[in-house]
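> 3D, please:
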Amino acid sequence: MKDTMKDLADRMALLHVRHGVVFGDAVGANPAYLRFAEDLEAGLRSGDPNAVARARGVVDPADLGESAFWSSSLGRLMFAAGCYGSGTVGQAFAAGVLGCSRQWVHELVARGILSRCAANTVDVEEVRAVLKTRIDELVK
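This is a model prediction of the structure:
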């Protein structure tokens, strides 16, 4: 699995190439977007709303609809920062985002850490809170 920085840098490099193809700019070898990727990652980690909006612009909208993306390190960071939205998600989706088994999600529901909603779904905000805790533990 790619780390967050590598994923952001690769996505921005692809945007850079697409921009060059569409607008005819010469695409140089200078990866000036790497500094932007670092700033974007730091902004996501701090929950900066501007970073959230920019990150959504860097990621292909088709990826935002895929559960596999939200299970990646970049997807998890974006989910924790608030890029996913609100409502409910399935327990299997929550397990992917949290990087755990569905049984552990079920245990979190049984302990009252996550609230079960209709048809084996859980609240996005509660999943986000658990994910933020896990990310903080990994960073520290």
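
> what residues does G90 make contact with?
For G90, the contact set (Cβ atoms under 8 Å, 6 or more residues apart in numbering) comprises 120-122. Where you see a C-beta, it was placed from the backbone N, CA and C, and this is true even at glycine.

> change it to 10 Å
67, 96, 102, 105, 117, 119-122 (Cβ atoms under 10 Å, 6 or more residues apart in numbering).

> ditto for G112
G112 touches E126, counting by Cβ under 10 Å, 6+ apart.

> check which helix or strand covers it.
Remark: G112 resides in no helix or strand, with elements defined by DSSP states H and E.

> quick thing: my sequence starts at 57, can you match it?
Noted, 57 is the first residue going forward, which turns the last one into G168.

> got a PyMOL select line for the buried ones in the contacts of G146?
Only the buried entries of the contacts of G146 go into this PyMOL selection, using 16 or more other Cβ atoms under 10 Å:
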select buried, resi 152+161+173+177+178
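
> which of the contacts of G146 sits closest to D59?
G152 (17.5 Å; Cβ to Cβ).

> quick check: the closest one vs G76, distance?
Using Cβ to Cβ, to the nearest Å, G152 is found at 34 Å from G76.

> where does this structure have its least confident helix or strand?
Every helix and strand of the chain was ranked by mean pLDDT, DSSP states H and E. The lowest is helix 60-79, at a mean of 79.

> so what secondary structure elements neighbour that helix?
If contacts are counted by 3 or more Cβ pairs under 10 Å, 6 or more residues apart in numbering; DSSP states H and E, helix 60-79 sits against helix 89-102, helix 105-114, helix 129-137.

> that's all I had, so thanks and see you.
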